[in-house]
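Undergrad: quick one: sequence and predicted model below, then my questions.
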Amino acid sequence: MATPKERRERDSDLTKEALRRAGREVFARQGFEGARTREIAETAGANKALISYHFGGKQGLFTAVVLEDVIDVKASLRRAMDGADSPSGKLAAFMREMAEVARERPTFLPLLARELMSAGRHLEPHVEEEFFGFFHMVRDTLREGIETGEFRPVDPHATHISLIGGLVWFGLTEPLRERTAAEGLPPAPSPTWPGYVEHMRQLVLRGLAPTSETAK
């Protein structure tokens, strides 16, 4: 039987997790500036004062949510990429896993997209450092592919933006595609996530393939 202290600690942990979940939902929907602590607390079924008690306020909760998600997503991407045996395979694994993230964590892309549209003003320095890890994964894989001759020399930043941009935009516009599909409005059928990832894989890897000029 749990002691009173253990019950308090368990209840505290449950409250913190409920606030994190609610924070993700509200930040993804409203952005940092638009999010209200009252709405977050009501969504979590908790007292608003507990946001300050557990996280030091709205900024602390935002930081906790983003940091946790970024670290978890990076870990899942790294596991997927480590299972590949070539730079091409690693980039393909990166894209497939990002698609899984978009499906399994529906608040992740909208939350980050809203913050990036605000110039990342609410990302603490240590969170920014973790966030740039996504770029490092792509950059390091490109370097490996260029060194082995599998890829032609390319701008790593431009390539990262192109790769991530397509995946993020596809994920963010999914609700719009679903609504318009139900209304019979799209001019053409929308691709599925697997279909789009395969399209991106071919587009990116064919674009990275050495040309006759770079092979000289």
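TA: Structure received.
Undergrad: now the helices: where do they sit in the protein?
TA: With helices called from DSSP state H, the chain shows them at 4-34, 37-44, 49-55, 58-82, 87-104, 108-117, 125-131, 133-148, 156-172, 174-182, 193-208.
Undergrad: buried residues of the fourth one, list them for me.
TA: For helix 58-82, the neighbour count (16 or more other Cβ atoms under 10 Å) marks 58, 61-67, 69-70, 73-74, 76-77, 80-81 as buried. For glycine as for every other residue, the C-beta is placed from the backbone atoms N, C-alpha and C.
Undergrad: re earlier: reformat the helices of the chain as a markdown table; add mean pLDDT.
TA: Output for these, formatted as a markdown table (pLDDT from 0 to 100):
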| stretch | mean pLDDT |
| --- | --- |
| helix 4-34 | 86 |
| helix 37-44 | 97 |
| helix 49-55 | 96 |
| helix 58-82 | 97 |
| helix 87-104 | 96 |
| helix 108-117 | 94 |
| helix 125-131 | 96 |
| helix 133-148 | 97 |
| helix 156-172 | 94 |
| helix 174-182 | 90 |
| helix 193-208 | 96 |
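Undergrad: out of the buried residues of helix 58-82, which comes closest to Arg206?
TA: Among these, Met81 lies closest to Arg206 (Cβ to Cβ), at 19.9 Å.
Undergrad: mind checking how far the closest one is from Ala209?
TA: 20 Å (Cβ to Cβ, to the nearest Å).
Undergrad: what does Leu50 give?
TA: 54 Å.
Undergrad: neighbour-wise, which of the two wins?
TA: Neighbours were counted for Leu50 and for Ala209 using other Cβ atoms under 10 Å; Leu50 has more, 17 against 14.
Undergrad: ok, the more buried one - contacts?
TA: Neighbour list for Leu50: 15, 19, 41 [criterion: Cβ atoms under 8 Å, 6 or more residues apart in numbering].
Undergrad: dump those residues to JSON lines, plus neighbour count and distance to Ala188.
TA: Below are the contacts of Leu50 laid out as JSON lines (neighbours: other Cβ atoms under 10 Å; distance: Cβ to Cβ, whole Å):
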{"residue": "Thr15", "neighbour count": "18", "distance to Ala188": "47"}
{"residue": "Leu19", "neighbour count": "26", "distance to Ala188": "42"}
{"residue": "Ala41", "neighbour count": "20", "distance to Ala188": "44"}
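Undergrad: name the nearest residue to Val73, sequence neighbours excluded.
TA: Val101 (5.3 Å; Cβ to Cβ, 6 or more residues apart in numbering).
Undergrad: the one you found and Phe134, how far apart?
TA: Remark: distance between Val101 and Phe134 (Cβ to Cβ) = 11 Å.
Undergrad: okay then, goodbye and thanks.
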